[in-house]
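> Need a 3D model of the sequence below.
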Amino acid sequence: MNNPQLGELPPIKLIPLNGETAQGIPRPLRARPTTDIRHVKVLEFLRSNNLSVNSRKLYERELKRFLGWTQLSYHELRPRHLALYKEYLRDEVKTDAGKALSKSSINAGISALKSFFKWMCCTYPDIMATNPTLGVKLEKIPLPPAQSLTPEQMEKVWAALELLGETKLRDTALVHILSHGLRAGEIVELNVGSYDGKLLFLPDTKTNEPRLVPLRKESREVLQEYLRSRREQGEELNSLTPLMISHHASFKGERLSYHGIYFAVEKIGSLAGIEELHPHSFRHTYATDLLLLGVDPGHARKLTGHQSEKAFRRYTLRSEQEAAIAAYYRAIGEEEQE
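Sure, this is the predicted structure:
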């Protein structure tokens, strides 16, 4: 009842609390977008490592698969969780064709996790004090043979280059560079200033270590002719100009891309009649040939930029076999063989 001395009191207004309406009915909760901090760390890892295009795609795919498998925070992960995840890859994950993953695919997934968590432990020790992947073993698989090209196949490649039109000079220079063991991703980053007339300087490589690659005389001449032809066509070259440029209508004159290199090599393979020719074929051939020439394996690894001695082992197998055959013929007095 209102006090006449105080006058009329204003009507009471109910203020909703805790997400309720004025009638006390709970309001529907709106979903707020959340950011998975785990995914943020994956993106940071991918950006902070000098990965090739293919390696980046593989790491991103495998790490996303792992994050979809568990909701545990990184600091909650233990070796047993990684062991269970390996079982999951082996027993439950299927390929597009409905088949179980191969041992190589399982190893690719585990290796991606090993690299990521090693980085996490080094970069964020306050989040991850120990690496949960240390006790997880990779599947044992036979070492794949080197997919090197035979001398006959290389002759077909050189002959195929003569059949090219506008891209002949560039693609000839490209094959000469590939034939010195460079990865496609490394060639993409080369500038005119990376070549001093004799050596190619690679400041950024897959192993994060600079590398010098000496070119043989014929390759130096081919590369110089390619650069000279570009100058004659009016292009102004400086140290930051891309060493290899695109001839594609949409990207003409721009830096030759990773996919552009693969397309060029596939075209050469088609003309040469070599199925599944890819840029890495030349890297395999270069590494194998170094060892067949008697170059010390340690020096060969330095030239090719292989960090893993185990991965380089595939190239030594053939050279050791060749050496064993030569030793046999020397032992029986038939050293000169046709």
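> Which stretches in the stretch 101-250 of the chain count as strands?
With strands called from DSSP state E, counting those that start in this stretch, the stretch 101-250 of the chain shows them at 199-202, 211-214.
> For the first one, buried residues please.
Read it as strand 199-202. 200, 202 (16 or more other Cβ atoms under 10 Å). The way it works is simple: take the backbone N, C-alpha and C, and place the C-beta from them, glycine included.
> before we move on, what about stretch 243-258?
243-246, 255-258.
> Take these and keep only those in helices.
Using DSSP state H, Y258 are the members of these that sit in helices.
> Of the buried residues of stretch 243-258, which is the nearest to Q147?
Distance ranking of the buried residues of stretch 243-258 against Q147, using Cβ to Cβ, places Y258 first at 19.3 Å.
> I'd like the distance from stretch 157-166 to the chain centre, please.
Stretch 157-166 sits 28 Å away from the centroid of its parent chain (Cα atoms, centre = their mean, to the nearest Å).
> Now do the end-to-end distance for it.
17 Å (Cα to Cα, to the nearest Å).
> could the strands of the stretch 101-250 of the chain be laid out in TSV, adding distance to G294 and mean pLDDT?
Shown next, in TSV, are these (distance: least, Cβ to Cβ, whole Å; pLDDT from 0 to 100):
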stretch	distance to G294	mean pLDDT
strand 199-202	22	94
strand 211-214	16	92
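> do you know which of the ones you listed lies nearest P142?
Per Cβ to Cβ, nearest to P142 of the strands of the stretch 101-250 of the chain: strand 211-214, 29.2 Å.
> ok, so what distance separates M154 from G294?
Applying Cβ to Cβ, to the nearest Å, the value for M154 to G294 is 20 Å.
> picking up where we left off before, tabulate the strands of the stretch 101-250 of the chain (JSON lines), appending distance to F116.
Listed next are the strands of the stretch 101-250 of the chain as JSON lines, based on distance: least, Cβ to Cβ, whole Å:
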{"stretch": "strand 199-202", "distance to F116": "25"}
{"stretch": "strand 211-214", "distance to F116": "25"}
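> Which one of those strands lies nearest to T130?
Once the strands of the stretch 101-250 of the chain are compared by Cβ to Cβ, strand 211-214 is nearest, at 33.3 Å.
> what does the closest one rub up against?
180-182, 198-202, 205, 302-303, 305 (Cβ atoms under 8 Å, 6 or more residues apart in numbering).
> what packs against the helix or strand hosting L58?
Here L58 is covered by helix 53-69, with elements defined by DSSP states H and E. Secondary-structure packing of helix 53-69 (3 or more Cβ pairs under 8 Å, 6 or more residues apart in numbering; DSSP states H and E): helix 37-48, helix 79-91, helix 103-123.
> now the angle from the last one to helix 53-69?
If I follow you right, that is helix 103-123. In terms of direction (axes from the mean of the first three to the mean of the last three Cα atoms, to 10 degrees), helix 103-123 departs from helix 53-69 by 80 degrees.
> who's in contact with L271?
Residues counted as contacts of L271 (Cβ under 8 Å, 6+ apart) are 160, 163-164.
> what's the closest non-adjacent residue to K64?
Excluding the flanking residues, the one nearest K64 by Cβ to Cβ, 6 or more residues apart in numbering is V42, at 7.4 Å.
> How much space separates the one you found from W119?
10 Å.
> same deal with E221?
43 Å.
> So for these two, which sits in the more crowded spot?
W119 (17 against 12; other Cβ atoms under 10 Å).
> quick one, what contacts the more buried one?
45, 48-49.
> and what of M154?
With Cβ under 8 Å, 6+ apart, M154 has these contacts: T285.
> Surely L243 touches N191?
Yes: here L243 reaches N191: they are 5.8 Å apart, a contact under Cβ atoms under 8 Å.
> re the thing from before, got the CA coordinates for the helix holding L58 in CSV?
Only the C-alpha atoms of helix 53-69 are listed here, as CSV (Å, rounded to 0.1, in the frame of the first residue of the first chain):
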residue,chain,number,x,y,z
VAL,A,53,54.6,-28.7,-49.9
ASN,A,54,54.1,-32.5,-49.8
SER,A,55,55.5,-32.8,-46.3
ARG,A,56,53.3,-29.9,-45.0
LYS,A,57,50.2,-31.5,-46.5
LEU,A,58,51.1,-34.9,-45.0
TYR,A,59,51.8,-33.4,-41.5
GLU,A,60,48.7,-31.3,-41.5
ARG,A,61,46.5,-34.3,-42.5
GLU,A,62,48.0,-36.6,-39.9
LEU,A,63,47.9,-34.1,-37.1
LYS,A,64,44.3,-33.2,-37.9
ARG,A,65,43.4,-36.9,-37.8
PHE,A,66,45.0,-37.2,-34.4
LEU,A,67,43.2,-34.2,-33.0
GLY,A,68,39.9,-35.7,-34.3
TRP,A,69,40.7,-39.0,-32.4
